[in-house]
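Colleague: Here is my input, please return the structure:
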Amino acid sequence: MRILGVDPGLRRTGFGVVDAQGMRLQYVTSGTIVVPSDLPLAERLKVILDNIREVVETTSPTVSALEKVFVNANPSSTLLLGQARGAAMCALADSRLQVHEYTALQIKKSVVGNGHAAKEQVQRMVQHLLSLDGLPAADSADALACAICHAHVGPMVDRLAQRGQLPGTKSVRLRGGRLTR
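Modeller: Predicted coordinates:
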């Protein structure tokens with residue numbers, strides 16, 4: 001499984017790609033999409049959309065993981081972050097990738113073992129888990145952590161959902177498969 005993790009932001013959107021075979025992880029690539037702040041909002045969102053599409057085309061992931069938006073004290077900032085996240089999600093969906101969403105708390109808990117870990121702790125654990133020579137940049141580390149979270153948590157959640165064993169889900173029989181709600 002090749003996982004593309006995305007840490008959306010209107011100024012800086014991090015991306016990270018890892019290969020996962022069971023619990024074995026291998027670093028593929030990572031980086032940060034820096035969006036020019038002097039562009040109109042629609043063009044800034046297009047920069048995110050186009051660059052995520054390009055990352056998908058060049059790395060051929062089989063699945064994606066995206067950090068969920070948190071609500072902060074400034075509603076305007078939350079809305080702008082949501083729009084950046086929407087541009088990234090549209091690029092992933094348009095590329096026919098399944099999109100899995102995780103909160104920052106879930107990601108940190110999965111990678112560091114502490115849902116309230118500092119950014120530096122996440123960076124160090126990502127470096128350790130992926131055997132990187134150096135410390136990844138903060139946005140790249142967050143995106144890689146999102147991919148690592150999916151590698152650890154995603155397969156288990158998928159199996160439970162298919163069996164209808166997740167709280168609040170039930171399986172519905174369809175011709176040729178199952179739909180979990």
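Colleague: List the contacts of stretch 127-147.
Modeller: By Cβ atoms under 8 Å, 6 or more residues apart in numbering, the list of residues contacting stretch 127-147 from outside reads 3-7, 9, 12-18, 25-27, 30-32, 65-67, 102, 107-108, 110-111, 119, 122-126, 148. Yep, even glycine has a C-beta here, placed from its N, CA and C like the rest.
Colleague: among these, which ones are buried?
Modeller: With neighbours counted by 16 or more other Cβ atoms under 10 Å, the contacts of stretch 127-147 contain buried members at 3-7, 9, 12-18, 25, 27, 30-32, 65-67, 102, 107-108, 110-111, 122-126, 148.
Colleague: Just the ones of those in strands?
Modeller: Within those, residues falling in strands by DSSP state E are 3-7, 12-18, 25, 27, 30-32, 65-67, 102.
Colleague: Run a quick neighbour tally on the spatially closest residue to residue 21 that is not a sequence neighbour.
Modeller: In space, and not counting its chain neighbours, residue 21 is closest to residue 1: 7.6 Å by Cβ to Cβ, 6 or more residues apart in numbering. As a burial measure, residue 1 scores 15 neighbours (other Cβ atoms under 10 Å).
Colleague: Residue 106 too?
Modeller: 17.
Colleague: what's the distance between it and residue 67?
Modeller: Here the criterion is Cβ to Cβ, to the nearest Å. By it, residue 106 lies 9 Å from residue 67.
Colleague: Tell me who's in contact with residue 23.
Modeller: 151-152 are the contacts of residue 23 under Cβ under 8 Å, 6+ apart.
Colleague: cool, and residue 102?
Modeller: 65-68, 110, 146, 149-150, 153.
Colleague: Looking at the residues you listed, point me to the pair that's furthest apart.
Modeller: For the contacts of residue 102, the farthest-apart pair by Cβ to Cβ is 66 and 110; their separation is 14.4 Å.
Colleague: Please enumerate the strands of the protein.
Modeller: Using DSSP E, strands in the chain cover 2-7, 12-21, 24-34, 63-67, 99-102, 171-174, 177-180.
Colleague: shouldn't residue 37 be in contact with residue 12?
Modeller: No: between residue 37 and residue 12 there is no contact under Cβ atoms under 8 Å: 10.3 Å.
Colleague: can you list the weak-confidence ranges in the protein?
Modeller: Low-confidence segments of the chain (pLDDT under 70): 71, 154-181.
Colleague: CSV please, covering the strands of the chain and showing distance to residue 137.
Modeller: Putting the strands of the chain into CSV (distance: least, Cβ to Cβ, whole Å) gives the following:
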stretch, distance to residue 137
strand 2-7, 11
strand 12-21, 8
strand 24-34, 6
strand 63-67, 16
strand 99-102, 20
strand 171-174, 42
strand 177-180, 36
